[in-house]
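Colleague: following is a predicted model, sequence given first.
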Amino acid sequence: MTRSLVAGGAGFVGSHLVEALVASGRQVVVADNLCTGRRENLARLGAQIEFLEVDISDEEAFGSAARGQFDEIFNLACPASPIDYLRLPIQTMMVGSMGVKNTLDLALANNARYLLASTSEVYGDPQVHPQPETYVGHVNPIGPRSVYDEAKRFGEAMTASYHREFGLDAKIIRIFNTFGPRMRVEDGRAIPNFIHQALEGLQITVAGDGLQTRSICYVDDLVEGIISMMNSDSQGPINLGNPEEISMLDLAQWIRDLTGSESDIAFIPRPVDDPQVRKPDISEAKRVLGWEPRTSAETGLKHTIDDFKLHA
Ligand code: UDP
């Protein structure tokens, strides 16, 4: 039986991945320090998984916690929403550097396949649209977002180096905006904020003029892409996301309609270095993995709204 380690498995994307891995018959160990993840995200799996509460940036603690042979390591451990990584700047840079190194070392010792969850943020505020994997980005190395962007870029460099230096089967995916059930309201991203505000009758906070765009992918589609990448011979990097692009103002109005809310829209200041546009070119994912998203934004948003209503 394949034994998988999922670092960051108690988070939003991580917990959906863990469920899919368990369903595919794998034995799954989760490592998470719960800085943004939650135990209850894994509650329904009960004793089907092993949970290690550990910080992968801490070499000694991680080394003694992660015991036994692993066949594959998925590294999704990192605060991923702007609010979280701005609140945890040093931790974010440590997990993106030492955390990546420690998990790569474990993969090397186990001769395991390795997958780094990187991000569309490596493209920064892109000057090429949509973004293909060959685009090297437009990133501010010292701005507030750099704690995330540069840590992820460093993590990619480290992962690519382990492949080149040691021949490790180390893969990189770049995840674009993803949404779905179990997003935390407090994580402050546009979709959970808009849904929460619309359901509670609060003002819906649109940053700037709301004309900036994102392309939004439903979490189940993303998880399929992650597993296909791990099963493939490719090292990537490969963009995983849904090219369905929408402006934040349109998204706010759409969520207001889908929830039947009468909330007003309030315009708030734009965060520093907030990318103006973002849309993945997924030709590589289609060509190499035969993967593309299957869930429309409307279906995904309806599932997510139902989940938020359930947990309100
Ligand atoms: N945004 C917004 N209102 C909010 C939260 C975010 O208009 O309450 C905007 C944000 O400025 C950005 C876009 O929505 O332009 C997506 O932000 P999010 O935090 O979801 O993720 P990002 O893509 O920036 O990592």
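Modeller: That came through, no problem.
Colleague: ok, residues contacting stretch 203-210?
Modeller: Contact with stretch 203-210 is made by 193-194, 197-198, 247-250, 252, 255-256, 263-271, 274, as judged by Cβ atoms under 8 Å, 6 or more residues apart in numbering. (Each C-beta comes from the backbone N, C-alpha and C, glycine too.)
Colleague: kindly recompute the last result at 6 Å.
Modeller: 194, 197, 247-249, 252, 263-268, 270 (Cβ atoms under 6 Å, 6 or more residues apart in numbering).
Colleague: please apply the same query to stretch 252-261.
Modeller: 194, 195, 198, 199, 204, 206, 263, 265, 301, 305.
Colleague: please repeat the previous calculation with a cut-off of 7 Å.
Modeller: 194-195, 198-199, 201, 204, 206, 210, 263, 265, 301-302, 305 (Cβ atoms under 7 Å, 6 or more residues apart in numbering).
Colleague: any of the contacts of stretch 203-210 buried? List them.
Modeller: For the contacts of stretch 203-210, a burial check counting by 16 or more other Cβ atoms under 10 Å picks out 194, 197, 247, 248, 249, 252, 263.
Colleague: only the buried subset of the contacts of stretch 252-261, as a ChimeraX command please.
Modeller: A single ChimeraX command selects the buried members of the contacts of stretch 252-261 (16+ other Cβ under 10 Å):
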select :194,195,198,199,204,206,210,263,301,305
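Colleague: mind jotting down where the helices sit in the stretch 201-312 of the chain?
Modeller: 219-231, 248-259, 283-284, 297-311 (DSSP state H, counting those that start in this stretch).
Colleague: go ahead and confirm residue 227 touches residue 20.
Modeller: Yes - under the criterion of Cβ atoms under 7 Å, residue 227 makes contact with residue 20 at 6.3 Å.
Colleague: so between those two, which is more surrounded?
Modeller: In this view residue 227 and residue 20 are compared by other Cβ atoms under 10 Å, and residue 227 has more residues nearby, 21 against 16.
Colleague: hang on, the earlier thing: now, which of the contacts of stretch 203-210 lie close to the ligand?
Modeller: 248, 270 (Cβ under 6 Å from any ligand atom).
Colleague: residue contacts, residue 175?
Modeller: Residue 175 touches 117, 119, 120, 222, 240, 241, counting by Cβ under 7 Å, 6+ apart.
Colleague: for the first one, give me the backbone phi and psi.
Modeller: In other words, residue 117. The phi and psi values for residue 117, taken as degrees, to the nearest 10, are phi -80, psi 100.
Colleague: just give the number of residues close to it.
Modeller: Neighbours around residue 117, by other Cβ under 10 Å: 27.
Colleague: now the second one
Modeller: Using other Cβ under 10 Å, the number of residues around residue 119 comes to 21.
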